[in-house]
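Visitor: Provided below for reference: sequence and predicted model.
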Amino acid sequence: MATLRQKAQAKDTLKACILEYQTWDAEYCKSALLSLQRPAPQPEPSPILVEDGSLGDSGSDTGEFICTEFEEETGVSITTGTAESFDVYVSAEFLRHPGYDSCTPAARNIMVGDDSDYMPFMPFADDPTFGWKAYSNEYKYLAWQVYRPDPDLEIVAIEAIQRLTIGGGMDPSVIDAMGLFPARPKPTSTPAITRLTRLAARRDFPTPLPPGWTHSLRYSTPYSDAGPSAVFQSHLDSFCHNPSCLTGYCTVHLGCIPEPVPVVPSVTLEALSLSAEKICGAGCFLTPTLITETEWTEEDEELLRTVLTHSPDALPCDLATICRRPCFEVYKRQGKYLESLKSSKDRAARRRIDKRSGMIFSDYDANTFKPSPAAIPAPATRSPAASATNTTLTAHITVDAITSVYASGRGAAVLRRPDKRSAIRSVVRALLLCASAIPVCALDSVAVPCSCGEDEDTGDRESPPSTLKGSCSNMMILRGVPKKTRVRRGKWGLGLFISEDANPGDLVSEYIGELIYDDTVQARDHISRHKGRTYLFQLNSKLSIDSGFVGNEARFINHDPKHFNTQASILMVSGEHRIGFFATKHIPEGSEILINYGPEFFKEQNPPGVSSASGGSTSVTTPKRMGNAMGKEVKRVVEDADVSYEPSPDSGQSTSQESKAD
Ligand SMILES: C[S@@+](CC[C@H](N)C(=O)[O-])C[C@H]1O[C@@H](n2cnc3c(N)ncnc32)[C@H](O)[C@@H]1O
């Protein structure tokens, strides 16, 4: 129980923090606004005075102006005469720009699945022509019915809690008991401990802890008991494990992170010293001097060992930065480490590095490898997409998948450790997402190189797409750099224009947005129809990409069924759905990029002028989207390869959009 004095202390502290925050906020907003200020406009030039003293105007109905010219300095009239009026044609560049829909820029598709079942806001709330009733039927709650913490209030409260605990020595449970702070308990947390107190205890807590801190919430550094290997593993969790993925923190591939694989060195110590270009500083191994060696703790040694296990070819100078030890000391230990590996007899038997691709393979023999279905942890496998929809893959799918990996002859390479859930998870995911569709690239998400002609590639991910011509479009989109483009007024609102020539087959752009399921497509369609513009692109019968809220410049590509110069290809790249726009002909610089949206796009489904969301109708219409029921317009490399929906029990198979449309 809090005493009266404690309550007063807490109240005063909170009040002080709120006041401080308000003062700061006012200042911050002022300076932010000032930074956005534009220079004051220049005064307008004085209007031309015509002879009769009135301001310049059309002198008569004949289309003539009376013009008087004045000397600039004295203001004395020099000439007076008449001039004919003429129409001014404003070039398209200077016409008023069409309304711009704001959109959060993204470089990668974001898996959203379904919007939450509450409406984040009511768009067009002030527009009586928007059928909000039909739209709101799509959601269970309005946003304000759902608790959402105010981050500003949270910060203020956290600061106050920290002052009370660290500065005032108050126990967090006493603070919780007061109920003064605007936090609600997290449903899963201990009811007595509010979410805020939890947050406050974890944030930037100073070490050593303040005296007398005995509460169970006591802060400890995340890796206090862990050695470097555990730290390394935990860091890995934040990065994409997929060797083909170019994104560090990847929303698509997180969720099935395999254990880091030890790497065998491919260079000798001597070669390393030759490859160092410059001396990294005092104590560099290139200029060994007689400096007294520093003390290495067991933890320092382990850190170096851990780094070397995964990166044995690293230069001592780089390792020195990581380990924060003199370079020549690191070099000495690196030498010992490499030496110890040489003597390890079973090294070659355990693993080898595929020199061609630089990827790591286990040494299971592909021809003799037999997966044991019994050893497979039954429904432990879930693709990230599946977990997004709470759909569990069944055990028999898992077994089928493993067996197909085996059949493809790559099982050995993939299943480095068949008893490991992460490996199996990767396999199932890769299999179900990719293998049926594009066998050649199916397994690149699990460290197996694509054999579609790219193997000779140097592995330089920056290499321009032109070097990949005529080969796998998966690789083009994976490694390719799209063409430079500009958004400007097109024939239909804004359009996308190419800023450099493209040749047939070149990757021009990628369509990026949120990956959403059909229910959400349906919900969002109300808005698209009301605006009269849609940014939806259908991938298959379950998934569409919406670039209405999040996307890139490809959302501005307009439709022209006759003069299109690009074609969309729906690809499955490393287990990800991606849409590439590839040139179908030579596209000279400056041309508008056009595709054929497909025959369904402009078909009117409702009486003209009536949007599906108006009039309170709840009838479901086929959403307008590019790629809808298209035939040749979109090259479908993958048909319904996503596994995020379980096959319907009666059909046993998911229906393709084409057959659905038929
Ligand atoms: C993907 S957006 C293209 C960018 C759009 N022009 C803009 O300004 O944001 C698709 C929308 O552009 C318009 N559009 C594109 N091509 C068109 C065409 N050939 N005829 C009429 N409208 C078109 C339609 O409003 C369509 O819903």
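Guide: Alright, I've got the coordinates.
Visitor: tell me how many other residues crowd residue 301.
Guide: Residue 301 has 13 neighbours, counted by other C-beta atoms under 10 Å. For the C-beta atoms, the positions are set from N, CA and C on the backbone; glycine is no exception.
Visitor: for the host helix or strand of it, what is the average pLDDT?
Guide: Secondary-structure assignment from DSSP states H and E places residue 301 in helix 298-310. Averaging pLDDT along helix 298-310 gives 82.
Visitor: ditto for stretch 16-27
Guide: Mean pLDDT, computed over stretch 16-27, is 92.
Visitor: buried ones in the helix or strand just after the helix holding residue 301?
Guide: Scanning forward in sequence from helix 298-310 by DSSP H and E, the next helix or strand is helix 316-323. Going by neighbour count (16 or more other C-beta atoms under 10 Å), the buried part of helix 316-323 is 316, 317, 319, 320, 323.
Visitor: which of those residues sit farthest apart?
Guide: Pairwise distances across the buried residues of helix 316-323 peak at 11.2 Å for 317 and 323 (criterion: C-beta to C-beta).
Visitor: how many other residues sit next to the residue in the chain positioned nearest to the ligand?
Guide: The ligand sits closest to residue 493 of the chain, with a gap of 2.6 Å, by C-beta to the nearest ligand atom. Residue 493: 15 surrounding residues under other C-beta under 10 Å.
Visitor: and if you look at residue 286?
Guide: Neighbours of residue 286 using other C-beta under 10 Å come to 15.
Visitor: identify the residue spatially nearest to it, adjacent ones excluded.
Guide: residue 279 (5.1 Å; C-beta to C-beta, 6 or more residues apart in numbering).
Visitor: three-state assignment of the one you found?
Guide: Recorded secondary structure, residue 279: coil (DSSP: H, G, I helix; E, B strand; the rest coil).
Visitor: kindly report the same for residue 15.
Guide: Following three-state DSSP, the label given to residue 15 is helix.
Visitor: the closest residue in space to residue 321 that isn't next to it in sequence: what's it in contact with?
Guide: Nearest residue to residue 321, sequence neighbours excluded (C-beta to C-beta, 6+ apart): residue 280, at 7.9 Å. The neighbourhood of residue 280, defined by C-beta atoms under 8 Å, 6 or more residues apart in numbering, consists of 286, 317, 320, 321, 327.
Visitor: on that earlier part again, distance of the residue of the chain closest to the ligand from residue 562?
Guide: The spacing between residue 493 and residue 562, counted by C-beta to C-beta, to the nearest Å, is 19 Å.
Visitor: check residue 276 too.
Guide: Counting by C-beta to C-beta, the gap from residue 276 to residue 562 is 60 Å.
Visitor: of these two, who's got more company?
Guide: Remark: of residue 276 and residue 562, residue 276 carries more neighbours, 17 against 6, as counted by other C-beta under 10 Å.
Visitor: quick check, the more buried one in contact with residue 286.
Guide: Yes. The criterion here is C-beta atoms under 8 Å, and residue 276 meets it with residue 286 at 5.8 Å.
Visitor: count the neighbours of residue 265 for me.
Guide: The tally of other residues near residue 265 (other C-beta under 10 Å) stands at 19.
Visitor: oh sorry, the question was meant for residue 551
Guide: By other C-beta under 10 Å, 24 other residues sit near residue 551.
Visitor: could you pull up phi and psi at it?
Guide: Phi and psi for residue 551, reported as degrees, to the nearest 10, are phi 180, psi -170.
Visitor: now do residue 486
Guide: phi -140, psi 140.
Visitor: the residue nearest to it when sequence neighbours are not counted: what secondary structure?
Guide: The shortest distance from residue 486 to any non-neighbouring residue, by C-beta to C-beta, 6+ apart, is to residue 497 (5.0 Å). Assigned state for residue 497: strand (three-state reduction, three-state DSSP).
Visitor: pLDDT value on residue 497, please?
Guide: At residue 497, pLDDT is 95.
Visitor: hey, what's it bridged with?
Guide: Applying DSSP bridges to residue 497 yields these beta-bridge partners: residue 486, residue 592.
Visitor: need the contact list for it.
Guide: Neighbours of residue 497 in contact, by C-beta under 8 Å, 6+ apart: 485, 486, 487, 488, 490, 590, 591, 592, 593.
Visitor: now a PyMOL select for only the buried ones of the residues you listed.
Guide: Per 16+ other C-beta under 10 Å, the buried members of those correspond to this PyMOL selection:
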select buried, resi 485+490+592+593
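Visitor: ok, the contacts of residue 497 vs residue 16, which is closest?
Guide: Looking across these and measuring by C-beta to C-beta, the closest to residue 16 is residue 487, at 48.9 Å.
Visitor: these two touch, right, the closest one and residue 493?
Guide: No. Between residue 487 and residue 493 there is no contact under C-beta under 8 Å: 10.4 Å.
Visitor: for stretch 20-38, buried residues please.
Guide: residue 21.
Visitor: what's in contact with that stretch?
Guide: Contacts of stretch 20-38 (C-beta under 8 Å, 6+ apart): 152, 155, 156, 159.
Visitor: equivalent analysis for stretch 334-344, please.
Guide: Contacts of stretch 334-344 with the rest of the structure, by C-beta under 8 Å, 6+ apart, involve 264, 265, 268, 269, 272, 304, 305, 308, 312, 316, 319, 347.
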